[in-house]
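> okay, predicted coordinates and the sequence, questions at the end:
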Amino acid sequence: MPQASSPIGVFDSGVGGLSVLRALLAAMPHERFVYLADSANAPYGERGDAYVAARTHAITQYLCEQHGIKALVVACNTATAAAIHEVRSSHPTLPLVGLEPAIKPALAVTKTGHVGVIGTRGTLTSTKFGKLMASLTGQAQFVVQPCDGLAHAIEHSVAQPVQSSQHTGEVISATETGALCQRYIEAMGAFGTAPGQMDTLVLGCTHYIFVAHELRALVGPGVQFIETGEPVARQTRRLLEAAGLLHVPAETRPGQPPATPHGATPPVQLLTTGPVTMLEAAAQRWLDLPASCCQSVQVP
């Protein structure tokens with residue numbers, strides 16, 4: 001049976017879920033984490049529900065059996081939409097947190113009543129997303145834009161040099177990720193704080209926070225970005241507390257010496273079914289974690 005010292009499992013179709021892991025690390029710095037990127041089968045957003053559900057079940061089983069996880073964060077909107085209910089049924093005692101585009105938080109902050117939503121086609125055409133949108137009919141005007149290819153481009157951008165400036169349209173369109181952002185944002189209509197403009201943009205894929213600079217340059221300074229990392233981290237912590245599985249660091253226990261120096265990097269394992277070099281580059285760029293945290297695995 002999992003203990004408080006057992007790791008938390010986190011998985012995504014690729015490296016985009018590292019944005020959620022980053023929020024989890026900030027919220028629970030004393031926990032252990034096992035992150036799995038199913039990069040050999042990415043992107044999920046352009047595959048069918050049956051395929052995504054099968055991969056979700058296989059990875060859940062792998063993390064439970066091989067790593068003894070005490071909770072699972074499905075850090076992928078597409079996998080959540082395709083399989084979260086089935087995973088809850090097959091693992092009823094496992095604390096489970098999924099993702100969905102943060103539409104309700106966006107409603108709470110928009111002032112113009114016009115909200116843009118970007119995500120993968122798999123997420124935005126899912127039954128789960130359709131039900132969410134139907135439940136909010138009349139509460140705002142939504143512009144929903146599938147961004148085919150963007151998550152895949154972000155995956156492969158980690159090996160490219162960081163742009164020193166991303167404040168002009170010329171620089172943005174010079175990269176594949178920038179050109180895709182520009183295409184999809186321009187297709188959505190007017191962003192801004194004036195009446196009739198979209199003043200809020202929901203980032204409905206975990207990858208998209210990693211192109212926030214490009215998106216910001218395109219929509220302007222007044223538009224609010226809504227993503228799911230911090231809410232997911234808070235919910236994960238709540239579930240662990242309720243289950244009595246939140247790790248209490250030794251230094252907070254009476255009579256116990258500190259287990260590790262204050263501020264030490266928590267143990268993190270980063271696994272991938274694809275090329276380990278991509279995960280190593282992403283871990284270094286986005287989490288400042290060394291290549292030694294990363295390894296390639298097979299999940300049949």
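Structure received.

> spit out the contact partners of E46.
T120, R121, G122, D148, H152 (CB atoms under 8 Å, 6 or more residues apart in numbering). Every C-beta, even on glycine, is put in place using the N, C-alpha and C of the backbone.

> which one among those gets closest to S39?
S39 lies nearest to H152 out of the contacts of E46, by CB to CB, at 10.3 Å.

> buried residues in the strand or helix carrying that closest one?
Per DSSP states H and E: H152 is located in helix 150-157. Neighbour counts over helix 150-157 (16 or more other CB atoms under 10 Å) mark L150, A151, H152, A153, I154, E155, S157 as buried.

> report the mean per-residue pLDDT for stretch 204-219.
For stretch 204-219, mean pLDDT is 94.

> ranges for the helices of the stretch 1-150 of the chain?
Under the criterion DSSP state H, counting those that start in this stretch, the stretch 1-150 of the chain carries helices at the ranges 18-27, 49-67, 77-90, 103-109, 121-124, 127-134, 150-157.

> can you tell me which of these is nearest to V144?
Short answer: helix 121-124, nearest of these by CB to CB, at 5.6 Å.

> and the contacts of that closest one?
Under the criterion CB under 8 Å, 6+ apart, residues 44-47, 49, 52, 77-78, 81-82, 101, 117, 129, 144-146, 148, 204-205 lie in contact with helix 121-124.

> ok, back up a step: list just the nearest of the buried residues of helix 150-157 to Q298.
Distances from Q298 to these, taken by CB to CB, are shortest for E155, at 19.2 Å.

> ok, now how distant is the residue nearest to that closest one when sequence neighbours are not counted from Y184?
Using CB to CB, 6 or more residues apart in numbering and skipping residues adjacent in sequence, the residue nearest E155 is G14, 4.7 Å away. G14 sits 19 Å away from Y184, going by CB to CB, to the nearest Å.

> more neighbours: which of the two?
For G14 versus Y184, the count of surrounding residues by other CB atoms under 10 Å is larger for G14: 30 against 19.

> give the contact list for H247.
Counting by CB under 8 Å, 6+ apart, H247 makes contact with A4, S5, M28, H30, E31, R32.
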